[in-house]
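In: for reference, the sequence and a predicted model appear below.
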Amino acid sequence: MSPHKTFLRERIASALLLAALLVASSAVRQSAQAKGTAQTTRHAPAPTSLRLYIFDCGKLKIADTTVYGFTPSQVAAAEMAVPCFLIAHPKGTLMWDTGVIPDSAVTPGKGVTKAAPASVNPSMATVIQPLKAQLAEVGYAPADITYLALSHCHWDHTANANDFAGATWLVRQQERDAMFAQPPAFARCLTPETFSALQKSKTVILKDDEYDVFGDGTVILKSAPGHTPGHQVLFLKLPKTGLIVLSGDLYHYPEERAQHQVPKTDFNREQTAASRASIEAFLKKTGAQLWIQHDLTANAKLKKAPAYYD
């Protein structure tokens, strides 16, 4: 065979090998993409009993703890945790509080730090992981959420509320009025852009002191006004963990609870004191634990999603 024909044959063989490799590489990429899509769109099956997932939705660095009645040295941890919670029930799901910085501003793995809105006690918020990514890790998307309930309308609890506008919103009339009144009825609902979509959500206005979300006594919203006009806490009856009350901002620091200090910036401090007395009586009667959501030390000890309490 002539050298020219040998050269051509080798070139053709090389081209065919390269084409085969490209086809194989494309198939691998398509397979990986398909798997990735399947992972992001997978949906968790309904649990057979109540579950509580806790998500890390950030941290607050508080510049002035005297607002809460303490100097920095008088509290065990001046920083505050910002958790979000998903309650998974055999009949549906409830999202409780939605974080301090919208997911759209968070770079996964790198995070972001932002200052509090003007007129709020000076503080800096830091978030590392988006809420929706953490939800997806346990098999849920905003579209899977049956109910949304916010403890109250402050910026560090409503950041991703708009993402859950497709859920049924459980809210007290006083809080809803404060959130959407023009001019604002309560000046500290300062980030309406984070919850504006809720104005058109399917909404249940809670009129009684207690609202049984799933009708079986395991998930109950309890009125606790004072911090804001329609502030509420959440009672859970978990089959193994037992009875828990998620505090919202009924307290921020455990020292507030121990020393009966009411923040200077509460909407109605007398109402806060009365709500605290009512919830403390409920805790004593039922033996439920109170989980102070902003308590950095206590929150650090809680297991985070994808683990859960049942």
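Out: The structure has been received and is ready for your questions.
In: find the least confident helix or strand in this structure, judged by mean pLDDT.
Out: helix 3-41 (a mean of 42; mean pLDDT, DSSP states H and E).
In: any weak-confidence spans in the chain?
Out: Scanning the chain for pLDDT under 70 picks out 1-41, 184-187.
In: the strands in it, which residues?
Out: 51-62, 80-89, 92-96, 112-115, 123-127, 147-149, 168-172, 203-206, 210-212, 219-223, 232-238, 242-246, 289-291 (DSSP state E).
In: partner strands of the third one, parallel or antiparallel?
Out: Strand 92-96 has its sheet partners listed here by DSSP bridges as strand 80-89 (antiparallel), strand 147-149 (parallel).
In: Asp266 contacts Pro225, doesn't it?
Out: No - counting by CB atoms under 8 Å, Asp266 stays clear of Pro225, with 9.8 Å between them. (C-beta placed from N, C-alpha, C; glycine too.)
In: what do those two both touch?
Out: Residues touching both Asp266 and Pro225 by CB atoms under 8 Å, 6 or more residues apart in numbering: Thr272.
In: now do the contacts for the residue lying closest to Asp56 once chain neighbours are set aside.
Out: Sequence neighbours aside, Lys304 is the residue nearest to Asp56 in space, at 5.7 Å (criterion: CB to CB, 6 or more residues apart in numbering). By CB under 8 Å, 6+ apart, Lys304 lies in contact with 54-56.
In: so which of the residues you listed is the closest to Ile145?
Out: Nearest to Ile145 among these is Phe55, at 12.8 Å by CB to CB.
In: which residues touch that closest one?
Out: When the contact criterion is CB under 8 Å, 6+ apart, the partners of Phe55 are 83-86, 131, 134-135, 304-305.
In: beta partners for it?
Out: Cys84.
In: and the gap between Asp163 and Ser278?
Out: 32 Å (CB to CB, to the nearest Å).
In: and the closest residue to Phe195 other than its chain neighbours, what does it touch?
Out: Closest residue to Phe195 apart from its sequence neighbours, by CB to CB, 6+ apart: Ala161 at 4.1 Å. By CB under 8 Å, 6+ apart, Ala161 lies in contact with 98, 148, 150, 194-195, 197-198.
In: burial of Pro45, as a residue count?
Out: The tally of other residues near Pro45 (other CB atoms under 10 Å) stands at 8.
In: and if you look at His154?
Out: 23.
In: then Ser49?
Out: Ser49, neighbours per other CB under 10 Å, totals 12.
In: relative to Thr218, how far out is it?
Out: Counting by CB to CB - Ser49 and Thr218 are separated by 9 Å.
In: re earlier: nearest to Pro254, out of the strands of the chain?
Out: Comparing these under CB to CB, the one sitting nearest is strand 289-291, at 9.4 Å.
In: who does the closest one pair up with?
Out: Going by DSSP bridges, the partners of strand 289-291 are strand 242-246 (parallel).
In: list the contacts of the partner strand.
Out: Contacts of strand 242-246 (CB under 8 Å, 6+ apart): 52, 85, 96, 151, 222, 233-238, 279, 282-283, 286-291, 293, 309.
In: right, so the strands paired with strand 92-96: which one is the most enclosed?
Out: Among the strands paired with strand 92-96, judged by mean count of other CB atoms under 10 Å, the one packed with the most neighbours on average is strand 147-149 (a mean of 25).
In: check contacts around the residue nearest the centre of the chain.
Out: Closest residue to the average C-alpha location of the chain: Cys84 at 2.5 Å, with CA atoms, centre = their mean. Shown in contact with Cys84 (CB under 8 Å, 6+ apart): 54-55, 57, 95-99, 131, 160.
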